[in-house]
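Participant: okay, sequence plus prediction incoming.
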Amino acid sequence: MKIRYFAWVRERVGRGEEEIALPETVKTVADVVAFLKTQGAEYETAFENEKIVRAALDRVHVKSDTPLANAGEIAFFPPMTGG
Amino acid sequence: MKIRYFAWVRERVGRGEEEIALPETVKTVADVVAFLKTQGAEYETAFENEKIVRAALDRVHVKSDTPLANAGEIAFFPPMTGG
Amino acid sequence: MAVRIQREPFDAGAEIERLTRGRTDVGAAVSFTGLCRADGETGTISAMELEHFPGMAEEELLRIEAEAHARWPLLGSLIVHRHGRLVPGDPIVLVVTLSAHRQAAFEAANFLMDYLKTSAPFWKKEDNVHGGEWVAAKASDDGARDRWTTKSG
Amino acid sequence: MAVRIQREPFDAGAEIERLTRGRTDVGAAVSFTGLCRADGETGTISAMELEHFPGMAEEELLRIEAEAHARWPLLGSLIVHRHGRLVPGDPIVLVVTLSAHRQAAFEAANFLMDYLKTSAPFWKKEDNVHGGEWVAAKASDDGARDRWTTKSG
């Protein structure tokens, strides 16, 4: 699955996007976060306060319990500060 | 005293301004209106619904019971419709 | 703070640009442009004549502007009001407010328009199928103004 | 309805002029321009970098704009948001709303800014004395957005 990171989530992970093969057991947005946190210190740091990291599936805001279903892309980022 | 008229008050009176010597008994804005209404049909028409005609003394909005004091100019006009 | 009453059109963008140029303290600039509509207050109109009370109009606008500055932390403002003959599509009035944060600029511009509508000595006469017809003041405009006396700034 | 995300500056006046040109049904045009302040969210800043999520940013702005059109009788609107490097004094965001009567244009512009601040995927990193520092989201912005869910349009 394609995973994208923005702002300080991107800086902590160390890259803007990557392709990761997720295990079958990963069904929801929260599962993706839990899986990533097992993949290295950079992910642990990025998601250390995971409640404040937002997610989008195929460019639509979603909550952490949202199923991945057939989404092609998931993005993680901090609360927005535009405008 | 200099008297000025605007919008439909001006059209009904038939002039934009005039100089009128007011009797000593005319002390307030309402007194000016009452006096003018004795001066001809044009004034009667202009002030027929005198509650909606607004007044300004020396370019400041005033109520009808305001004394003329030393004002040099009084103006009469309909409710404002700018903007 | 500035007020202008003029026959000529104005350029809203040029005014915003001029007011904000070189400033690094302004975070929000709100502009309101009021335009002449073909669907006027008295029906379909071909033109309108905007009469004003010279001298008093400037003084009232300055007074309203000062009141806005007393209520909100404004970093600048401008009111431009036209008079004379206007046709549908023409801009009539411009209000610009500047502040550090957006809410003050929004509220002050809204306030200025509400007060301007009900207290600045301007009168509209519209050209409709019946000839020239004076626009009547609207109770809704008085209502819009009066909400500022109960709501905190 | 239109949304633009761009690196380049915008010209608020030209946009208002373009949106209203030839129209005789528009009585009110409100513009909001957000500018980069030297007194930033993280202290005194020399510049900021505005990161965005290409694709999603456009879609979110279009969604917010459609929501404003559903709530108010708008006759037109525009949202322009810049990204990239900006310095104090630079314009960041422009919102323009058009309506027949002023209140709809004022409220819709205010609504668009509140939603844009909290739901459009843009992130500011400010250059201050400590180096680059990401701006934290403000609870006051969430509060500003949430008032639209209790207040009637």
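Facilitator: Yep, it's here.

Participant: am I right that C:Glu133 is in a strand?
Facilitator: Yes. C:Glu133 forms part of a strand when assessed by DSSP: H, G, I helix; E, B strand; the rest coil.

Participant: isn't it right up against C:Thr44?
Facilitator: No. The criterion here is C-beta atoms under 8 Å, and C:Glu133 misses it with C:Thr44 at 11.6 Å. C-beta: built from backbone N, CA, C; applies to glycine.

Participant: the two: which is more packed in?
Facilitator: C:Glu133 (19 against 14; other C-beta atoms under 10 Å in any protein chain shown).

Participant: okay, and the beta partners of that one?
Facilitator: Residues in a beta bridge with C:Glu133, per DSSP bridges, are C:Glu126.

Participant: now for the residue in chain A that chain C sits nearest to: which residues touch it?
Facilitator: Closest residue of chain A to chain C, C-beta to the nearest C-beta: A:Gly83 (8.2 Å). If a contact means C-beta atoms under 8 Å, 6 or more residues apart in numbering or on different chains, then A:Gly83 has D:34, D:81, D:92-93, D:113, D:116-117, D:120, D:122 as its contacts.

Participant: and it, what pLDDT?
Facilitator: At A:Gly83, the model reports a pLDDT of 93.

Participant: how about it, secondary structure?
Facilitator: Using three-state DSSP, the three-state assignment for A:Gly83 comes out as coil.

Participant: what's in contact with stretch A:23-39?
Facilitator: By C-beta under 8 Å, 6+ apart, the surrounding residues in contact with stretch A:23-39 are A:1, A:3, A:20, A:22, A:43-44, A:46-47, A:50, A:53, A:55, A:57, A:62-68, A:74, A:76.

Participant: give me that answer again for 7 Å
Facilitator: For stretch A:23-39, contacts defined as C-beta atoms under 7 Å, 6 or more residues apart in numbering or on different chains pick out A:22, A:43-44, A:47, A:50, A:55, A:57, A:62, A:64-68, A:74.

Participant: get me the contact residues on chain A for chain D.
Facilitator: Counting by C-beta under 7 Å from any C-beta of the partner chain, the positions of chain A adjacent to chain D are A:6-8, A:56, A:59, A:75, A:77-83.

Participant: between those residues, which sits nearest chain B?
Facilitator: For those, the nearest to chain B is A:Gly83 (28.7 Å; C-beta to the nearest C-beta).

Participant: tell me how far that closest one lies from D:Ala68.
Facilitator: Separation of A:Gly83 from D:Ala68 (C-beta to C-beta, to the nearest Å) stands at 14 Å.

Participant: what about the helices in chain A?
Facilitator: With helices called from DSSP state H, chain A shows them at A:7-13, A:29-36, A:41-46.

Participant: what of chain C?
Facilitator: Under DSSP H, chain C gives helices at C:12-20, C:56-71, C:102-119, C:139-150.

Participant: ranking those helices by mean pLDDT, which is last?
Facilitator: helix C:139-150 (a mean of 86).

Participant: quick one: is that one near chain B?
Facilitator: No. Shown here: helix C:139-150 not in contact with chain B (C-beta under 7 Å from any C-beta), separated by at least 8.1 Å.

Participant: ok and the residue in chain A nearest chain D?
Facilitator: Using C-beta to the nearest C-beta, the single residue of chain A nearest to chain D is A:Gly82, 2.7 Å away.

Participant: then chain C?
Facilitator: For chain C, C-beta to the nearest C-beta, closest residue to chain D: C:Gly13, 0.9 Å.

Participant: I'd say that residue and D:Gly13 touch.
Facilitator: Yes. Between C:Gly13 and D:Gly13 there is a contact under C-beta atoms under 7 Å: 0.9 Å.

Participant: if we can go back for a sec, number of nearby residues for the closest residue to the residue of chain A closest to chain D other than its chain neighbours?
Facilitator: For A:Gly82, ignoring the flanking residues on the chain, the nearest one in space by C-beta to C-beta, 6 or more residues apart in numbering or on different chains is D:Phe122 at 2.7 Å. Residues near D:Phe122, counting by other C-beta under 10 Å, number 27.

Participant: was I right to think D:Phe122 contacts A:Pro78?
Facilitator: No. If you go by C-beta under 7 Å, D:Phe122 and A:Pro78 don't touch, sitting 10.9 Å apart.

Participant: so which bits of chain C are right by chain D?
Facilitator: By the rule C-beta under 7 Å from any C-beta, the part of chain C lying against chain D is C:11-14, C:16-17, C:20, C:22-35, C:37-39, C:88-89, C:100, C:102, C:106, C:110, C:113.

Participant: and with 8 Å instead?
Facilitator: Taking C-beta under 8 Å from any C-beta of the partner chain as the contact definition, chain C meets chain D at C:11-17, C:20, C:22-39, C:88-89, C:91, C:100, C:102-103, C:105-106, C:109-110, C:113, C:144.

Participant: ChimeraX command for the buried members of the residues you listed?
Facilitator: Only the buried members of the residues of chain C next to chain D enter the following ChimeraX selection, criterion being 16 or more other C-beta atoms under 10 Å in any protein chain shown:
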select /C:11,12,13,15,16,17,20,23,24,25,26,27,28,29,30,31,32,33,34,35,36,37,88,89,91,100,102,103,105,106,109,110,113,144
